[in-house]
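In: generate a structure from the sequence data that follows.
(chains A and B)
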Number of protein chains: 2
Amino acid sequence: MNGEKPKTVTLVEVGPRDGFQFEKTVVPTERKLDVIARLAAAGLRRIQVTSFVHPAKVPQMADAETLVARLPKEGPVAYSALVLNERGLARALACGIANVEISLSASDAHSRKNAGMPHAEALTRGLTMIDRAVSAGVHVRASIQCAFGCVEEGAIPAERIAETIRRFIDHGAHELSLADTTGMGSPPAIRNILDTVRPLSGGLPLALHLHDTRGLGLVNLMAAMDCGVAIFDTSLAGMGGCPFVSGAAGNIATEDTAYLLSSLGIDTGVDVDRVGAISRELETFFNTTFSGRIHRLSAHFPL
Amino acid sequence: MNGEKPKTVTLVEVGPRDGFQFEKTVVPTERKLDVIARLAAAGLRRIQVTSFVHPAKVPQMADAETLVARLPKEGPVAYSALVLNERGLARALACGIANVEISLSASDAHSRKNAGMPHAEALTRGLTMIDRAVSAGVHVRASIQCAFGCVEEGAIPAERIAETIRRFIDHGAHELSLADTTGMGSPPAIRNILDTVRPLSGGLPLALHLHDTRGLGLVNLMAAMDCGVAIFDTSLAGMGGCPFVSGAAGNIATEDTAYLLSSLGIDTGVDVDRVGAISRELETFFNTTFSGRIHRLSAHFPL
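Out: Okay, the predicted model is just below:
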């Protein structure tokens, strides 16, 4: 790629899903709706609101149907839900959400832990799910977890990512996403995978989901923008984390990302201070300090 | 600059000064010496160990003389102390430390708060201090606080930074340093100031001291390396902060920085996991969570 950064970048807010599912305290549906509405008012145009997972396993997401039913039916915001298996997809389609993310892991070890099967099997299942979702007429984002490394398997061969992407495209996915689930991505790893994947994506939007577990989240975002990526998942206050690492940082923070992009003259449409205000209220609600930075300031003093 | 990054980078550990002075709990001298010795064993070759400030104002640094007296007299590590006024410099010279950092603010508002006088006056005083320190035969780093912005004054004119640097050089400083005290630096701001300052520095080493208050610390480091900077202050676990902002992040973390640089093939000589072990002990000692990332992992799984 030519290293020229995009003029506008889309931030996909995943805090209500990736963030809320990580906290022990279950957020009441009413409060989730309030947070989601305020994120929309702060300029977020894509919000991942829930995950259709087993309510006994992830009680934080047990209200998925109720929540989706109560989302605004009109307006500029695209709401999405994560689905990890057929049952989840069936629930998502039944309740009429317009956007689903179908996600599987590139790492065999991680896939066994999270999905109970190795990558190849998860891919076969995922492709069937994509077929079904596409037929149902919803917008399908197909995503790959651990795309930039796995704590057990190390670096994932670029060819495995490439082959998965090819299959996603063959089956009609509308958007592709690569997740740095472990935060093991680094600028060279990002470039390596993106140099392989970008030429395959045939004009489909390609998103990155970056965790800041090792502090490299925004550096990786910069590297990815140089490779032409212009869609990034972020979570307010940098909520989220890794269930296997106590205290690990979460996603790249919505506020910090929007602030960085704004300093580079890249438009996101996101109001940093309004998101920060929601984040600070959630810190009080959860009685914790999230790993993002700017939300800790009552005003961010843009230059 | 050509955007080519340096092959090796020097990290100046400032945790024992910038980090310890920010925590309410005073670290006993014995423990400071232990931390400093272990930082040296982890590969740090420059460590800022204390600040000669009024003991009633900053009780955390009240043991400056005792600490310096007990540092190793030989070995590969350069120990430095920060001095902010004549009295501090006199104390530093009297106790025989070989490296001093003489620091003043580019912002009038910040300088009034921290030094009781506007920038121009602080500069005059600082130059006298540089003269005296150079005559005394110690290594003098002259540094500018708020070089990339001030919460009260906004952006600082590059010309003010340039003029300060010229005077520092005229008076014989051996090293120059620019501090992003407020964490308001962004890649364009970093490039703007460095494009002005680098041509003036006449071969003198130029260091950057970056705070991660707004999450842009490592992104700014990347931008600074593209401009040829190869010396950075870091603090273990990202200790430190801003007395005016509760919960604000501290310096860029030694471990995170060393990890990032290692992923780029840039040598720092720093053992990430050994520094991380010290950081985790200090989190227990201070009963807090510092804002760095990698120290929270018991091993950092390099790729």
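In: and the stretch 51-200 of chain A, which of its residues are near chain B?
Out: Proximity of the stretch 51-200 of chain A to chain B (C-beta under 8 Å from any C-beta of the partner chain) is limited to residues A:149, A:151, A:154-155, A:182-184, A:186-189. All C-beta spots, glycine's among them, are computed from the backbone N, C-alpha and C.
In: what sits against the spatially most central residue of chain A?
Out: Centroid-nearest residue in chain A, with C-alpha atoms, centre = their mean: residue A:233, separated by 4.2 Å. Residues in contact with residue A:233 (C-beta atoms under 8 Å, 6 or more residues apart in numbering or on different chains) are A:11-14, A:18, A:48, A:177, A:179, A:207-210, A:251-252.
In: helix, strand or coil for residue A:82?
Out: Three-state call for residue A:82 (DSSP: H, G, I helix; E, B strand; the rest coil): strand.
In: do the same with residue A:277
Out: Looking at residue A:277 with three-state DSSP, the answer is helix.
In: can you give me the buried ones in the host helix or strand of residue A:134?
Out: Using DSSP states H and E, the element containing residue A:134 is helix A:119-136. For helix A:119-136, a neighbour-count test (16 or more other C-beta atoms under 10 Å in any protein chain shown) marks A:119, A:122-123, A:125-127, A:129-130, A:132-134 as buried.
In: tell me which of those residues is nearest to residue A:168?
Out: residue A:130 (6.7 Å; C-beta to C-beta).
In: ok, that closest one - contacts?
Out: Per C-beta under 8 Å, 6+ apart, neighbours of residue A:130: A:102, A:140, A:142, A:168, A:171-173.
In: mind checking how far the residue of the stretch 1-150 of chain A found nearest chain B is from residue B:295?
Out: In the stretch 1-150 of chain A, the residue that lies nearest chain B is residue A:149 (5.2 Å; C-beta to the nearest C-beta). From residue A:149 across to residue B:295, the span is 19 Å (C-beta to C-beta, to the nearest Å).
In: more neighbours, those two?
Out: residue B:295 (30 against 24; other C-beta atoms under 10 Å in any protein chain shown).
In: what's the helix or strand bottoming out on mean pLDDT in chain A packed up against?
Out: Lowest mean confidence among the helices and strands of chain A (mean pLDDT, DSSP states H and E): helix A:108-115, at a mean of 92. Judged by 3 or more C-beta pairs under 8 Å, 6 or more residues apart in numbering or on different chains; DSSP states H and E, helix A:108-115 is in contact with strand A:99-105, helix A:119-136, strand A:139-145.
In: next, format these as a markdown table and append mean pLDDT.
Out: As requested, those are exported to a markdown table (pLDDT from 0 to 100):
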| stretch | mean pLDDT |
| --- | --- |
| strand A:99-105 | 97 |
| helix A:119-136 | 98 |
| strand A:139-145 | 98 |
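In: quick one, strands of the stretch 101-250 of chain A?
Out: A:139-145, A:175-180, A:206-210, A:231-234 (DSSP state E, counting those that start in this stretch).
In: could you identify the helix or strand that succeeds the last one?
Out: Using DSSP H and E, the helix or strand that follows strand A:231-234 in sequence is helix A:254-263.
In: from residue A:198, how far out is whichever residue of the stretch 51-200 of chain A sits closest to chain B?
Out: As assessed by C-beta to the nearest C-beta, chain B sits closest to residue A:186 within the stretch 51-200 of chain A, at 3.4 Å. Separation of residue A:186 from residue A:198 (C-beta to C-beta): 18 Å.
In: more neighbours, the two?
Out: The neighbour count for residue A:186 versus residue A:198, taken as other C-beta under 10 Å, is higher for residue A:186 (24 against 16).
In: wait, that one touches residue B:256, no?
Out: No - applying C-beta atoms under 8 Å as the test, residue A:186 and residue B:256 come out as separate, 11.5 Å apart.
In: so what's residue A:201 up against?
Out: When contacts are counted by C-beta under 8 Å, 6+ apart, residue A:201 touches A:165, A:169, A:176.
In: export the residues you listed as CSV, with columns for distance to residue A:37.
Out: Converted to CSV, the contacts of residue A:201 look like this (distance: C-beta to C-beta, whole Å):
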residue, distance to residue A:37
A:165, 35
A:169, 35
A:176, 29
